[in-house]
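A.B. asks: quick one, what's the 3D model for this:
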Amino acid sequence: MKNMWKTVAAFASLALCASMAACGTSDDSDSTPNTASSTAKTFDVSSITTDESIAALVPDYVKKDGKLVVGTDTSYAPAEFIGEDGKTPVGYDIDLTKAIAKVMGLEPETAVSKFDMIIPSIGSKYDIGISSFTVTPERQKAVDFVTYYKAGSTWVTKKGNPDKVDTKNLCGVKVAVQIGTTQEEELTKINEQCKADGKAEVDVLSSSLQTDVTTNVATGKASVFYADSPVAGYAISQTDGTLEALGADEGVTEEGIIVKKGDEKMAQAVQKSVQKLMDDGTYKKILDNWGVSSGAIEQSQINPTA
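C.D. replies: Below you'll find the model as predicted:
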């Protein structure tokens, strides 16, 4: 019980911080940072040098100010979240962002945003987006993808599954999920089937921030949550044994960096940057640093078949 209340207090603190802290982007209305503790340290990218052939591919509208502005939702540890200082974005996606910018000869600028606002802002507010985006046909209609990682989805409950959740029968179950994610899309389809079968609807509790999703299960507001496997695994590790995975990971698919639709040069610049980091070992070192190398891929592709 002591550990449980310690966890609840920690997540409540995160939620309070999120509601009160200043945002980490020039448009404060778009973002609310969340902090999380981590034993991993930010990867040092200072030794990475510019690849002039790749830098030449970067469009003028991107490099005119010397910055690579990257949209990201910092509520998705360990991929992207706010560090213990309460203001600095950290995580393996953040480190990859910095490394890609170095290869392009640009300065990285992380722009914190709500997840579902990143895709509509690519090419206007943000040069690219890195925020654990699963490649889907629907998203490919709006943006181009450069693959860099793979992940599945994981169901997470309180330890011991006290509500006896059966993921094969979620009708009538209260499920927490982050808005705009592929997991939310899957829950919508599950709910439609429940209605078609004449059963109780899934009680979907959607939140803008993954930290709130995790909190809702840790505090008993929802029976289970659904999220990307590395995110779920990290959340479990941070809750002092309060949460556990329910069943095996499902639907392992590739994730991608998003680029303005039709911007072939920028897509090539990003793909070549990622591939260079893969080939020289930097990519693997970054993933190893955060303990997520199980999701490593060997080849980066532009707009793979989703």
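
A.B. asks: A strand includes Thr154, no?
C.D. replies: Yes. The assignment for Thr154, made by DSSP: H, G, I helix; E, B strand; the rest coil, places it in a strand.

A.B. asks: need phi/psi at Thr167.
C.D. replies: Dihedral pair for Thr167: phi -70, psi -10, per degrees, to the nearest 10.

A.B. asks: OK, contacts around it?
C.D. replies: Thr167 makes contact with Trp155, Val224, Leu246, Gly247 under the criterion CB atoms under 8 Å, 6 or more residues apart in numbering. Just so you know, the C-beta spots here come from the backbone N, C-alpha and C atoms, and that holds for glycine as well.

A.B. asks: please enumerate the strands of the stretch 151-300 of the chain.
C.D. replies: 174-178, 203-207, 224-228, 243-260 (DSSP state E, counting those that start in this stretch).

A.B. asks: columns mean pLDDT, mean neighbour count and distance to Ala142 on top of the ones you listed, output as TSV?
C.D. replies: TSV is the format used below for the strands of the stretch 151-300 of the chain (pLDDT from 0 to 100; neighbours: other CB atoms under 10 Å; distance: least, CB to CB, whole Å):
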stretch	mean pLDDT	mean neighbour count	distance to Ala142
strand 174-178	97	25	19
strand 203-207	96	17	20
strand 224-228	95	26	20
strand 243-260	93	19	9
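
A.B. asks: nearest to Lys195, of the ones you listed?
C.D. replies: Lys195 sits nearest to strand 203-207 of all the strands of the stretch 151-300 of the chain, at 12.5 Å, using CB to CB.

A.B. asks: that closest one packs against which elements?
C.D. replies: Counting contacts by 3 or more CB pairs under 8 Å, 6 or more residues apart in numbering; DSSP states H and E, strand 203-207 packs against strand 174-178, helix 182-196, helix 210-218.

A.B. asks: what's in contact with the second one?
C.D. replies: When you say that, I think you mean helix 182-196. Outside helix 182-196, the residues that reach it (CB under 8 Å, 6+ apart) are 134, 136, 138, 153, 170-172, 175, 177-178, 200-202, 204, 206, 226-228.

A.B. asks: how much space between the nearest residue to Asp73 once chain neighbours are set aside and Lys199?
C.D. replies: Excluding the flanking residues, the one nearest Asp73 by CB to CB, 6 or more residues apart in numbering is Phe115, at 3.9 Å. As judged by CB to CB, to the nearest Å, Phe115 and Lys199 stand 30 Å apart.
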